[in-house]
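Novice: Sequence first, then the predicted structure:
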Amino acid sequence: MDTSRMTKKELDKDILFSQTIKAGHRIYYVDVKKNRKDDMYISITESKKLISGDTDMPQINFEKHKIFIYQEDFQKFRTCLKEVMEFIEQNQGERESREEKNGEIKIDLEF
């Protein structure tokens, strides 16, 4: 399927469940989707706003990165993330959640 010609609405119809994490200049989209075999998987997209050009005519672009996590890898991924987060907290300490400009608070992931 050629996704370059699909509208945003057509692309979003594949999303079964979605959560958004706003974190400074980045936004993370955590979506549940289904593949052609009807297997659900997690799609995580990092979207970062990039401003270039001069101050009179700035150009705004979004840099996006995606990863896909399939159900057979959930436990490994969960264990790995938990261990990595615990390592950082033990060696650097916990940090306060950032408050966003619009009053929303960053979501901390719990496993």
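Specialist: It's in.
Novice: Can you pull up the most central residue in this protein?
Specialist: For the chain, the residue nearest the mean C-alpha position is residue 28 (2.7 Å; C-alpha atoms, centre = their mean).
Novice: Please report the distance of that one from residue 40.
Specialist: Going from residue 28 to residue 40 by C-beta to C-beta, to the nearest Å gives 19 Å. C-beta coordinates here come from the backbone N, C-alpha and C atoms, glycine included.
Novice: any idea which residue of the chain is furthest from its center?
Specialist: residue 56 (31.1 Å).
Novice: Check the secondary structure at that residue for me.
Specialist: Assigned by DSSP: H, G, I helix; E, B strand; the rest coil, the conformation of residue 56 is coil.
Novice: again, but for residue 95
Specialist: Residue 95 - assigned by three-state DSSP - is coil.
Novice: All the helices of this structure, in order from the start?
Specialist: 8-12, 74-92 (DSSP state H).
Novice: These: which one's closest to residue 24?
Specialist: helix 74-92 (17.5 Å; C-beta to C-beta).
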